[in-house]
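Engineer: Predicted structure and sequence below. I'll ask about it afterward.
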Amino acid sequence: MVDFKLTPEQLAIQRSVREFAEKEIKAIAMERDQMTDHENIFPVEAFKKSFGIGIHDATIPKKYGGQGLDCLTHVLIWEEMAAADAGFCVSYQGHFLALEHACGPRATEEQRETFLRALTTEEGGLAAYALTEPNVGPCWLLLQQDFIQETTIERDGDDYVLNGVKNFCTNGGSPITKWYVIWARGDKDKVGLESCRTCFVWADSPGFTVPKSENKMGQRLSKNAQLYLDNVRVPKEHIIGEPGGMGMDGDFGQRLITANSWILLGALCLGLARSAYEEALAYAKRRIIAGKPAIQHQLIGAKLADMYWNIEAVRAYVWKAANYFDTNPVPDMKLAQGAKVMGSDLAVKVTDEALQIHGGYGYTKDALVEKLYRDAKVTQIYECPNELLRVTTAGMLELGM
Ligand SMILES: Cc1cc2nc3c(=O)[nH]c(=O)nc-3n(C[C@H](O)[C@H](O)[C@H](O)COP(=O)(O)OP(=O)(O)OC[C@H]3O[C@@H](n4cnc5c(N)ncnc54)[C@H](O)[C@@H]3O)c2cc1C
């Protein structure tokens, strides 16, 4: 790993995803991004084509019909997808956050057969993950404190009944989303993580509705929606983990899922930053300012050099975090958090500089960098705001973890 040499299989996957992404995603991204009818931006056909090349089941074990790929190979796939469009790629973030619950240590064999197989059928499909609520934001890290989920899950005979509202759910209400992982408070005597249950909910469950999507600033090719759960019944077989709260096993399972997700977000940010850098480099070579190409003006050239170095540095870091994840049974949460924080700060910085290099043209809707600039901002917010991740890593450093 230290020589950063990819295997022939990894190189082949990287190449084929790059070709797919340029042809099927990048080609439609600018036009879709600018659609005013935001409810219909979500590119259903492009997702269906991506099922055909196995992007959606990359990490599902072969035993359940998936590709069984490791985290590092998945990182390569994500950089290529995000270089074409970060919104398309982040739809897969919601998807994998959910399906890793079925792959993870808390799921039963029956749940894996049911929910993983539902995605590896010929028509494929997406999953979604709903934790955030109108009054409970950032992420499960806060649930390790005294935070309380307002969505409730209560036992009723052999079933459980869900009531509540979820916010910003990626893939929420898309026509190809088959099932959701929903977080809810199952024990009124407890708070935080100990009070939580997670369960699988089919998209067509009675009482489950998705009234409208959010009209977002960037990453517009992904669909984000509020979910309404009005007496939604799920059989007890859909509950993830043992009754009585998530417990230590649940906590460990959640660590695996979240560490994986932060590393992948690092890869998404790399793809976004790379796309902005390549666009800025090409522009700076052809744009003549004061009689010479823009890149030959030292301050512009220096910006491009910094972009190049910083992308290379973050890629090396993300690959290291992925390699650690693949080769150790217990994830290093600090490494994983760094992938998300450094990746998102990189994406914001590089897209900002890329727009600056484009001058006034970069500030128009004709310029790709204008879209990339909008796409980048949310990476510092979702999947745990960077502030919270910095505070959490600092806490682990203090404790010598
Ligand atoms: C495009 C998009 C996709 C999303 N997809 C999903 C999804 O699929 N599933 C899901 O469950 N959720 C999803 N979310 C929700 C997302 O995870 C939350 O929006 C995010 O975690 C922030 O929570 P909040 O919006 O409630 O902000 P708040 O909790 O109100 O936080 C506001 C700001 O306060 C700061 N802050 C927060 N906590 C701290 C702290 N402890 N210390 C210092 N500063 C802090 C941060 O700057 C933060 O951005 C998505 C959000 C977006 C925008």
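Structural biologist: On my side now, so go ahead. Numbers count the residues shown, from 1 in each chain.

Engineer: rest of the way, CA atoms for contacts and neighbours
Structural biologist: Fine.

Engineer: Assign Ile153 to helix, strand or coil.
Structural biologist: Under DSSP: H, G, I helix; E, B strand; the rest coil, Ile153 falls in the strand class.

Engineer: How about the residue nearest to it when sequence neighbours are not counted: which residues does it bridge to?
Structural biologist: Nearest residue to Ile153 in three dimensions, chain neighbours excluded: Leu162, at 4.6 Å (Cα to Cα, 6 or more residues apart in numbering). Leu162 forms beta bridges with Ile153, Val232, as assigned by DSSP bridges.

Engineer: swap in the one 4 residues further on?
Structural biologist: Each beta-bridge partner of Lys166 is listed here: Leu227, as defined by DSSP bridges.

Engineer: longest helix in the chain, by residue count?
Structural biologist: Longest among the helix segments of the chain by residue count, using DSSP state H, is helix 247-286.

Engineer: is it anywhere near the ligand?
Structural biologist: No: applying Cα under 6 Å from any ligand atom, one finds helix 247-286 out of contact with the ligand, separated by at least 11.3 Å.

Engineer: helices and strands of the protein: which one has the lowest mean pLDDT?
Structural biologist: helix 140-143 (a mean of 66; mean pLDDT, DSSP states H and E).

Engineer: Do you have the strands of the stretch 251-400 of the chain handy? List them.
Structural biologist: Along the stretch 251-400 of the chain, counting by DSSP state E, counting those that start in this stretch, strands occupy 288-289, 292-293.

Engineer: Tell me which residue is most central in the chain.
Structural biologist: Centrality entry for the chain: nearest residue to the mean C-alpha point is Gln93, 2.6 Å, by Cα atoms, centre = their mean.

Engineer: Would you mind splitting the protein into its domains for me?
Structural biologist: Annotated domains of the chain cover 8-126, 127-247, 249-398 [automatic domain parsing].

Engineer: Mind checking those for the one nearest to Val2?
Structural biologist: domain 249-398 (8.5 Å; Cα to Cα).

Engineer: quick one: that closest one to chain centroid distance?
Structural biologist: The gap between where domain 249-398 is centred and where its chain is centred comes out at 14 Å by Cα atoms, centre = their mean, to the nearest Å.

Engineer: and if you look at stretch 386-401?
Structural biologist: On Cα atoms, centre = their mean, the centre of stretch 386-401 falls 21 Å from that of its chain.

Engineer: same deal with stretch 48-58?
Structural biologist: Worked out by Cα atoms, centre = their mean, stretch 48-58 lies 16 Å from the chain centre.

Engineer: That one: which residues count as buried?
Structural biologist: Buried positions in stretch 48-58, judged by neighbour count with 16 or more other Cα atoms under 10 Å: 48-51, 55-58.

Engineer: re the thing from before, got the contact list for the residue nearest to Ile153?
Structural biologist: The neighbourhood of Leu162, defined by Cα atoms under 8 Å, 6 or more residues apart in numbering, consists of 151-154, 184, 229-234.

Engineer: In those, find the pair that's most separated.
Structural biologist: Thr151 and Val234, at 14.3 Å, using Cα to Cα across the contacts of Leu162.

Engineer: and this structure, which residues reach the ligand?
Structural biologist: So far as Cα under 6 Å from any ligand atom goes, the chain lies against the ligand at 94, 129-132, 136-139, 168-170, 381-385, 387-388.

Engineer: what about burial for those residues, which qualify?
Structural biologist: Buried by 16+ other Cα under 10 Å: 94, 129-132, 136-139, 168-170, 383-385, 388, out of the residues of the chain next to the ligand.

Engineer: Need the worst-confidence member of those.
Structural biologist: Across these, the smallest pLDDT goes to Pro138, namely 59.

Engineer: What ranges does the chain have for its helices?
Structural biologist: 8-20, 27-33, 44-52, 71-84, 86-103, 109-111, 117-120, 140-143, 247-286, 298-327, 333-358, 368-377, 386-398.

Engineer: Compare these and say which comes out lowest on pLDDT.
Structural biologist: helix 140-143 has the lowest average pLDDT among the helices of the chain, namely a mean of 66.

Engineer: List the contacts of Glu154.
Structural biologist: 160-162, 186.

Engineer: residues near Pro8, how many?
Structural biologist: If you count neighbours by other Cα atoms under 10 Å, Pro8 ends up with 9.

Engineer: how far is stretch 185-205 from where the chain is centred?
Structural biologist: When distances are taken as Cα atoms, centre = their mean, stretch 185-205 is centred 22 Å away from the chain's centroid.

Engineer: how about low-confidence regions in the stretch 101-250 of the chain?
Structural biologist: By pLDDT under 70, the low-scoring segments of the stretch 101-250 of the chain are 137-138, 140-145, 242-250.
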